[in-house]
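> build me a structure from this.
(chains A and B)
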Number of protein chains: 2
Amino acid sequence: MVFNGPSLCYNRAMSLEKVFVSLQKAQARLALENRRARDRALEGAAAALDGGRGEILTANALDLERARAGGMKESLVDRLLLNDQRIDDMIGGINTVIRLEDPLGRVRTGWTLPNGLLVEQVTVPLGVAAIIYESRPNVTVDAASLAYKAGCAILLRGSSSALESNRALTALIQAGLEAGGGIGGAVALADSGSRDEVDEILRARGKIDVALPRGGRDLIRRVVENARVPVIETGEGNCHIYVEGSFDADNAVEIIANAKLQKPGACNAVETLLVHRDAAAVLMPKLAVRLAGKAELRCDGPSRSAIGKTPPGLALKDAAPEDWATEFLDYILAIKTVDSADEAVDHINAYGTKHSEAILTGNMKTAEEFRRRVDAACVYVNASTRFTDGGEFGFGAELGISTQKFHARGPMGLEALTTIKYLVSGQGQIRR
Amino acid sequence: MVFNGPSLCYNRAMSLEKVFVSLQKAQARLALENRRARDRALEGAAAALDGGRGEILTANALDLERARAGGMKESLVDRLLLNDQRIDDMIGGINTVIRLEDPLGRVRTGWTLPNGLLVEQVTVPLGVAAIIYESRPNVTVDAASLAYKAGCAILLRGSSSALESNRALTALIQAGLEAGGGIGGAVALADSGSRDEVDEILRARGKIDVALPRGGRDLIRRVVENARVPVIETGEGNCHIYVEGSFDADNAVEIIANAKLQKPGACNAVETLLVHRDAAAVLMPKLAVRLAGKAELRCDGPSRSAIGKTPPGLALKDAAPEDWATEFLDYILAIKTVDSADEAVDHINAYGTKHSEAILTGNMKTAEEFRRRVDAACVYVNASTRFTDGGEFGFGAELGISTQKFHARGPMGLEALTTIKYLVSGQGQIRR
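Numbers count the residues shown, from 1 in each chain, chains lettered A, B, ... in the order given. This is a model prediction of the structure:
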C-alpha cells in the first residue's frame, strides 16, 4: 500500500474491483489486531485530523465553492461546511469510539456437549462494510472509526458534493491509522463520483458483507431495491404517541411537545398523536396552547372539537387520510381520537414504520398490551419517542437506527458490525 | 379461516398475495400466544398426524406413483417415501420441538439510562418465514413446528414431486393446531406448482421476513440471486482438516475417516485434507490403509509419495487444481501437503466456504492461530468437522446450517427465527 501523501487517496486510480480485494486483505489483517492496537491506530487517526486541519479546510473550501457555484441552498451548504469546531467534534467522535468497549472476542455463550466437546460462540468482525451517505462529511470520520473499532474494513461512498472534503479526511485517517501502527488500507473512499459506482458496490456479493445506506428516502429505496449484498435499512419513522386519560395531561403535553418540536427532522420525532376519547377534553386544549405558533395540528373531527376555542397563533387543519401514513419530518402533527388501546395499536400496526411507538398511561393493563402488541423496534411506556438513538441508549456512537428486523434492529451499536464464530474444542472426538 | 376438511389445503384457490396477508394476520395473533399455548397447539398437530396416517399414506402413494411413472430414480423415490416409521419420526420431531426452550420473551440484555429510563432488549418472532425445499416431506413438518414454536407464520414451498404428501401433511397440521387451541392459519402451503410462485415469494418485500432455501446448489443460487427478501443461505461446505505431526496419527486417521465416510453427502463432511510435511510420513500410510476400498484419494506429489506402497484396493489419483475448490459430496478426499499452519490457513481461507474447518494438533500456538485466522462458521480443534449440526450442538431441531455471516451463522436453532424489540419504560421522561 503506497500513500501518495496525505492529500491524495490511494485508490483514486484503482478500479473498484481492486479496492474490494484490497479491503478484504486489509480486513483479514485487522481482524487479528487486539483492542489496544485498534485503539492506538484510532488515536493516530485523531491526531492526523488534528494536524491536518489546514488540508481539511482547504479541501472543504473547494467543495463549498463548487456547491455555491452550482446554486446549492445555504442550508445544505451549511451541512457541507467544516470549521475548527466541527473538526474538534469529529476528533471527539473518534475519542468516543476509542473509549467504547471492544465488541470483538466476546464469548456470548458456550456449553459442553455430552461427548466433552466445548462449544463457544464468540463475536468476530462482520467483514467489509460499505456506507453510502449524503452530504455531511462528519459521517466519513464516524463510519471509518466505528468500522475500525469493530475490526471491519470500510468502503466510504459519500456524496459528490463533499468529494474533496472526504478525500482529505480519508487520506488523513489512512495515514493516521498507519502512523498509529494500524492498517490504513482498511479504509477506502469510492471517489469516482459516478452513479454506477453505487450499483457496483451494491452488487458486490462475497466482497461487501454489509451495505449501510444513510440518507433520504430515495437513497434508501435505491439501495434496498438494487442491493445483492446484505443491507441494513435505516428507514422512515412514522412514529406515534398514544395518550390515555389516566396519564397526567400536563406531562403528556410536555412529552408530545418534546417529541414533535425538539428535532422534527429526526426519524424518532412523533408524527401522529392518538388520543383516547376520554383524554381529549383535558389534553387537547392544553396541547393546542403549547403548540400554538410552533407546530401545525391536523386533527380529526373529535380532536378538533376537543380543542374548543382556537388559541391565538395555532395553525389548525382537518386531517386528511394520507396524513396517517405521512412522515412529515416537519412542524406538523396529525391527531386522531380512538376509542380504545386496541384501536390505537391497530392504527399503529397499520400505519407505523416499526420504528418508535409510545403509550402514555397510568393503566398497567393497557401498557402491557401495548408493549406486547405493537410491532416496532422501540416501544415506549411513558416517555418521549426521541430517545431512540445510539447516543441516548448509551452505545456511544451513531451507526444509524435499523428499521428492519434482520441482523440488527433499532439503534445500532458496534455489535451490528459483528457476527459470530463457533469455536469447538475437542480431544479427538468423532461423530457416532 | 375455513378449513375444508383435513385432506384439503385452505389456500389451494387463494392467490399468493392473499396468502401473504393471511399469514401476516395469523402471525400477529400467534406472536401473542404464550409458550404453553404454542406447545399445546403443537401437541394437537402431533396428534393430527398420528390420527391421519391413512390420509398421509394415501397422498404419498399418489406422489410415489407419479414419481415412478415419470422415471424418477429409486434413490430419490426413497426420499419421497413415507411409511409408519417415518411418520413416527415426524411426530417425534414435533415432540422434540415442544420440549425446546421458548426462544421468545427472553430479556437478552437491559440497562437503566442516567435519566431513569429502563431499556430492555427482548426476543420476539421474526415474523413470516418462507421455506423453499426439495423432496423430503419431513421438512414440511419440521419447518412448520419450528416456526410455530418461534411465533412465526410459515409459507411452505416444497417440490412438486411431494405435492400430495405436503398437502395432506399441511392440512393435518393446520387442523391439529386448531384442535390444540392454536392458529392453523399460521401455516400455509404454496401449492400451485408453478415456478413463478418461487419468484413471487422471493420478491415479497414487507410480507416475507425471511426466506430459507433448503436444497441443492441450484436452488440456493436461484434464491440468492432473485431474492428481494432477507435470505439465510444454507450453502456449500468445502471443509478441511489440517493435521500436524504433534497429533497422534491413529487418532487423526479415525477423525479423518469419520469426517469423510460417515455421511459424505453432508455439508460438514471433509473434502480436503491438509497434511503438514512433518506429519505425512507417519500419517499417509495409515490413512491409505484405512480408506482403501472406501474412498478415493486425490493426492498432491508429496502426499502421494508419503503413502509409499499402495495398499490393496486403494483408489489413488493425482490431485487436479480444481479439486481444492470442489465440494465432492462423495467418497473422494483431496490431499495436499503444506509447510506450515500459515500455509494451511491461507489455503482454507482461499478455497473454503466458511463452513467447518478443523486442525488436529498438539501445539497450542498453531491451534490458537488457526482459531483466530480461519474465517468460518465453525472452527474445530482436535475433532471431526461432522459435529456442525443443530442436533449435535444441542439445538434439538434442524433449521439448517447458515453459511452466511448476516443474522445467523452456523447451525441454526430457533433463535434464527427471532429478532429483538426494545422495551423502554419511563416515568414521563423527555429528551433534553
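> if the residue of the stretch 251-400 of chain A found nearest chain B is in a bridge, with which residues?
Nearest residue of the stretch 251-400 of chain A to chain B, counting by CB to the nearest CB: residue A:383, 2.9 Å away. (Glycine included, C-beta is placed from N, CA and C.) Judged by DSSP bridges, the bridge partners of residue A:383 are residue B:429.
> what about it, how many residues nearby?
By other CB atoms under 10 Å in any protein chain shown, 28 other residues sit near residue A:383.
> who are the contact partners of it?
A:255, A:358, B:117, B:424, B:425, B:426, B:427, B:428, B:429, B:430 (CB atoms under 8 Å, 6 or more residues apart in numbering or on different chains).
> again, only using 10 Å
A:241, A:255, A:258-259, A:358-360, B:113, B:115-118, B:424-431 (CB atoms under 10 Å, 6 or more residues apart in numbering or on different chains).
> likewise for residue A:356?
The contact partners of residue A:356, by CB under 10 Å, 6+ apart, come to A:237-241, A:259, A:267-270, A:374, A:376-380, A:384-389, A:401, A:403, A:410-411, B:422, B:424.
> drop anything exposed from the contacts of residue A:383.
Among the contacts of residue A:383, those classed as buried by 16 or more other CB atoms under 10 Å in any protein chain shown are A:241, A:255, A:258-259, A:358-360, B:113, B:117, B:424-426, B:428-431.
> among these, which are located in strands?
Among those, the members falling in strands (DSSP state E) are A:241, A:358, A:359, A:360, B:424, B:425, B:426, B:428, B:429.
> please read off the pLDDT at the last one from the model.
Read that as residue B:429. Per-residue confidence (pLDDT) for residue B:429: 97.
> for residue A:87, give its distance to residue A:93.
Applying CB to CB, to the nearest Å, the value for residue A:87 to residue A:93 is 10 Å.
> show me which residues of the stretch 151-300 of chain A are close to chain B?
A:205, A:209-210, A:224-225, A:227-232, A:247-248, A:250-252, A:254-259, A:262-263, A:266, A:268 (CB under 10 Å from any CB of the partner chain).
> which among the residues you listed count as buried?
For those, buried by 16+ other CB under 10 Å: A:209-210, A:224, A:227-232, A:247, A:251-252, A:254-259, A:266, A:268.
> so which of these belong to strands?
Taking DSSP E as the definition of strands, these contribute residue A:210.
> re the thing from before, tell me, what's touching residue A:87 and residue A:93 both at once?
By CB under 10 Å, 6+ apart, residue A:87 and residue A:93 have these common neighbours: A:49, A:138, A:141.
> show the subsequent helix or strand relative to the one helix or strand the first one maps to.
Spelled out, it's residue A:49. Taking DSSP states H and E as the definition, one finds residue A:49 inside helix A:35-51. Downstream of helix A:35-51, the first helix or strand assigned by DSSP H and E is helix A:53-69.
> chain center to the helix or strand following that following helix, what's the gap?
As assigned by DSSP H and E, the chain's next helix or strand after helix A:53-69 is helix A:74-80. With CA atoms, centre = their mean, to the nearest Å as the basis, helix A:74-80 stands 20 Å off its chain's centre.
> for helix A:74-80, give the mean pLDDT please.
pLDDT averaged over helix A:74-80 gives 90.
> so what does that helix touch, helix or strand wise?
Here helix A:74-80 touches helix A:53-69, going by 3 or more CB pairs under 10 Å, 6 or more residues apart in numbering or on different chains; DSSP states H and E.
> identify the residues contacting the helix it packs on?
Residues from elsewhere that reach helix A:53-69 (CB under 10 Å, 6+ apart): A:5-7, A:48-50, A:52, A:72-74, A:76-84, A:86-88, A:90-91, A:135, A:137, A:159-169, A:171-172.
> list the buried residues for it?
Quick answer for helix A:53-69 (16+ other CB under 10 Å): A:53, A:55, A:56, A:57, A:59, A:60, A:63, A:64, A:67.
> mind giving me the domain split of chain A?
By the assignment in automatic domain parsing, chain A contains the domains A:16-232+A:412-424, A:239-392.
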